[in-house]
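Peer 1: Below is the sequence, then the predicted model.
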Amino acid sequence: MSTEARRAPQPPRPTTPPRPSQPPPPYDAGPPPPRADWPPPRPGTDPAPARDRRAYRAAAAGICAVLGLGLIGGAATGSWLTGGADRPAAPGAYAVGREAWHSIPVDTLFPRTLKGDGAGPGGADRVWTRLAVAPDSGCATALDPLLAKTLRTVGCAHVLRATYTDATASSVTTVGLVFTEADGEAMRALNARFAAEGLDRRTDLLPRTYPVADSPAAGFGARQRASWTVHVLTGLPVVAFAVSGFADGRASSPPQPAASAMAEGATTAAAQAGLGHEAEGLADRVERGLRTHVADLTEQPQ
C-alpha cells in the first residue's frame with residue numbers, strides 16, 4: 001500500500017476563521033488622549049467644583065460683555081437723541097450779539113474797504129472806503145431825540161458808527177449799529193411797531209451823521225442828510241442804520257427814505273445821485289458782516 005493511501009483523510013478547510021472562545025488581547029495604541037480636565041486634580045480634591053467654577057466664570061464674562069455693549073449702545077443712542085447734550089452748550093445769538101460791540105474788532109464790524117457788488121443804481125457795483133470810526137457813544141449822541149426815545153423800549157446800550165465815502169468821493173455815508181439790552185420778544189415787538197407805524201420813513205426819526213475833519217465828510221452835518229435807512233433786527237439785539245449825503249456839503253431838504261430814493265422813477269436829487277442805494281447798501285453789508293461773525297462765535301462752545 002502506498003504512503004498516500006495510508007494517510008488519514010483531511011477534513012475540508014473552513015471558509016471563515018473560527019471565532020475564538022476568548023477575546024483577543026487589547027491593541028496597545030499608546031496613552032489615551034488628555035481629558036478636558038487635564039491635568040488631573042490633586043489628591044483629596046473633587047474635579048467637579050473646578051469645572052463648575054470655569055463654567056460660571058465663562059457665563060459671567062458673557063453677561064458682562066452683553067451688559068457693556070448695552071450700556072455703550074444706550075449712551076450713544078442717548079447722545080444722538082439729545083444732540084450731544086454732554087458737549088458744552090453754545091451761547092445764544094442774543095448773548096453773543098449783546099457783547100459784540102467790544103468782543104468783535106472794529107475793523108471786522110466796519111472794514112476799511114467794503115465792496116457792494118450790484119449795490120448801486122441799475123445794479124452797478126460800489127466800493128466804499130472808511131474815513132473814520134466814531135468813539136463808542138449812547139443813543140443821545142448818535143440819534144435824533146425822538147428816535148432815541150423810541151429805542152428806549154429796548155434799552156439802547158451802545159452805538160458804534162463809522163463814516164465811508166464812495167470811490168468817486170462824491171458821496172459820504174455814516175453807518176451805525178445800536179446794541180440794545182432787549183430779548184427776542186422785545187426786538188420783534190419793536191420791528192412790528194416800525195412796520196405798522198412807518199417809523200423808518202419819518203424825517204423826525206433820523207440817525208445823526210459823523211463828520212470827519214480833513215476828509216470828504218468834513219461838512220457832513222444834520223442839514224446834509226439826504227437819505228437814510230433803519231433796520232430793526234430780530235435775530236440779534238441790534239438796530240442797524242445808515243444816513244448818506246453829498247460830499248460837497250450841499251443841503252438836502254427834506255431827506256428821503258432810502259426805499260423811496262431807490263424806487264423806480266424817483267427824480268429827487270438824492271435818488272438821481274444814488275444816495276438811497278449808498279445808505280441801503282452800506283447798512284446791508286455791515287449788518288450782514290455782524291450776523292456772520294456772531295454766528296461763528298455762537299457755534300463755538302464756551
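Peer 2: That came through fine. From a predicted model like this one, the values you see are computed outputs, not experimental measurements. Numbering: from 1, shown residues only.

Peer 1: which residues of the protein score low on pLDDT?
Peer 2: The chain contains residues with pLDDT under 70 at 1-91, 300-302.

Peer 1: Do a quick rundown of the strands in it.
Peer 2: 113-116, 126-133, 156-166, 171-180, 227-232, 238-246, 256-257 (DSSP state E).

Peer 1: Among those, which comes closest to residue 192?
Peer 2: Evaluated over the strands of the chain, closeness to residue 192 peaks at strand 227-232, with 8.9 Å, by Cβ to Cβ. (Each C-beta comes from the backbone N, C-alpha and C, glycine too.)

Peer 1: Against which helices or strands is the closest one packed?
Peer 2: helix 184-197, strand 238-246, strand 256-257, helix 258-261, helix 275-298 (3 or more Cβ pairs under 8 Å, 6 or more residues apart in numbering; DSSP states H and E).

Peer 1: I'd like those as a markdown table, with mean neighbour count and distance to residue 103 appended.
Peer 2: Output for those, formatted as a markdown table (neighbours: other Cβ atoms under 10 Å; distance: least, Cβ to Cβ, whole Å):
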| stretch | mean neighbour count | distance to residue 103 |
| --- | --- | --- |
| helix 184-197 | 14 | 19 |
| strand 238-246 | 28 | 13 |
| strand 256-257 | 23 | 32 |
| helix 258-261 | 21 | 29 |
| helix 275-298 | 22 | 7 |
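
Peer 1: Export the ones you listed as CSV, with columns for distance to residue 164.
Peer 2: Formatted as CSV, these follow (distance: least, Cβ to Cβ, whole Å):
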stretch, distance to residue 164
helix 184-197, 24
strand 238-246, 9
strand 256-257, 19
helix 258-261, 15
helix 275-298, 6
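
Peer 1: what's the closest of those to residue 176?
Peer 2: Closest approach to residue 176 among these is made by strand 238-246 (5.3 Å; Cβ to Cβ).

Peer 1: Okay, residue 239 and residue 179: tell me how far apart.
Peer 2: For residue 239, the distance to residue 179 equals 9 Å [Cβ to Cβ, to the nearest Å].

Peer 1: which of the residues in stretch 120-128 are buried?
Peer 2: 120, 121, 126, 128 (16 or more other Cβ atoms under 10 Å).

Peer 1: And stretch 144-156, by the same measure?
Peer 2: Neighbour-count burial for stretch 144-156 [16+ other Cβ under 10 Å]: 144, 147, 148, 150, 151, 154, 156.

Peer 1: hmm, which two among these are most spread apart?
Peer 2: Top of the distance list for these (Cβ to Cβ): 144 and 154, 16.7 Å.

Peer 1: quick revisit: identify the farthest-apart pair in the buried residues of stretch 120-128.
Peer 2: For the buried residues of stretch 120-128, the farthest-apart pair by Cβ to Cβ is 121 and 128; their separation is 15.0 Å.

Peer 1: if we can go back for a sec, export the strands of the chain to JSON lines and append columns for distance to residue 266.
Peer 2: Output for those, formatted as JSON lines (distance: least, Cβ to Cβ, whole Å):
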{"stretch": "strand 113-116", "distance to residue 266": "19"}
{"stretch": "strand 126-133", "distance to residue 266": "18"}
{"stretch": "strand 156-166", "distance to residue 266": "19"}
{"stretch": "strand 171-180", "distance to residue 266": "16"}
{"stretch": "strand 227-232", "distance to residue 266": "10"}
{"stretch": "strand 238-246", "distance to residue 266": "14"}
{"stretch": "strand 256-257", "distance to residue 266": "8"}
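
Peer 1: among the ones you listed, which is nearest residue 216?
Peer 2: Using Cβ to Cβ, the nearest of those to residue 216 is strand 156-166, at 4.8 Å.

Peer 1: That closest one vs strand 171-180, what angle?
Peer 2: For strand 156-166 against strand 171-180, the angle by axes from the mean of the first three to the mean of the last three Cα atoms, to 10 degrees is 160 degrees.

Peer 1: how much does strand 156-166 deviate in direction from strand 126-133?
Peer 2: Going by the same axes, to 10 degrees, strand 156-166 makes 130 degrees with strand 126-133.

Peer 1: other SSEs contacting strand 156-166?
Peer 2: helix 93-103, helix 106-109, strand 126-133, helix 139-142, strand 171-180.

Peer 1: Columns distance to residue 258 on top of those, output as CSV?
Peer 2: Formatted as CSV, the helices and strands packed on strand 156-166 follow (distance: least, Cβ to Cβ, whole Å):
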stretch, distance to residue 258
helix 93-103, 24
helix 106-109, 21
strand 126-133, 14
helix 139-142, 18
strand 171-180, 10
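
Peer 1: Most tightly packed of those?
Peer 2: strand 171-180 (a mean of 28; mean count of other Cβ atoms under 10 Å).

Peer 1: Excluding covalently adjacent residues, which one is nearest to residue 208?
Peer 2: Closest residue to residue 208 in three dimensions, ignoring its sequence neighbours and counting by Cβ to Cβ, 6 or more residues apart in numbering: residue 142, at 5.6 Å.
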